[in-house]
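K.L.:
One predicted model, sequence on top.
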Amino acid sequence: MTVKDLIIQELDRVPEDRLPELLEMIRQLNAGSVSRKERFTSALQDSLKENAELYTRLADA
């Protein structure tokens with residue numbers, strides 16, 4: 001089995017809701033090295049989406 005075959009096999013096990021995140025990772029790999037600033041910005045945006053309610057409560061406190 002090739003590495004590509006193994007990746008495809010693992011891809012079939014990824015939950016549907018995680019596929020957009022995986023797609024972004026693959027695109028970043030294909031685009032070459034991602035700058036530290038871009039990684040930070042991406043992580044911050046993900047955190048804002050995932051924790052919007054928490055951040056709103058903290059801001060209102």
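P.N.:
Yep, that arrived.

K.L.:
so the residue nearest the centre of the chain is in which element?
P.N.:
Against the mean C-alpha coordinate of the chain, by C-alpha atoms, centre = their mean, the closest residue is Glu21 at 3.5 Å. Per DSSP states H and E: Glu21 is located in helix 19-30.

K.L.:
got the CA positions of that helix in PDB?
P.N.:
Extracted C-alpha coordinates of helix 19-30, given in PDB (Å, rounded to 0.1, in the frame of the first residue of the first chain):
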ATOM      1  CA  LEU A  19     -13.200  18.000   6.700                       C
ATOM      2  CA  PRO A  20     -13.100  21.800   6.200                       C
ATOM      3  CA  GLU A  21     -10.200  22.000   8.800                       C
ATOM      4  CA  LEU A  22      -8.400  19.200   7.100                       C
ATOM      5  CA  LEU A  23      -8.800  20.800   3.700                       C
ATOM      6  CA  GLU A  24      -7.300  24.000   5.000                       C
ATOM      7  CA  MET A  25      -4.300  22.100   6.400                       C
ATOM      8  CA  ILE A  26      -3.800  20.400   3.000                       C
ATOM      9  CA  ARG A  27      -4.000  23.700   1.200                       C
ATOM     10  CA  GLN A  28      -1.500  25.200   3.500                       C
ATOM     11  CA  LEU A  29       0.900  22.300   2.900                       C
ATOM     12  CA  ASN A  30       0.500  22.700  -0.800                       C
END
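
K.L.:
Let me see the mean pLDDT of that helix.
P.N.:
Summarised as a single mean, pLDDT over helix 19-30 is 87.
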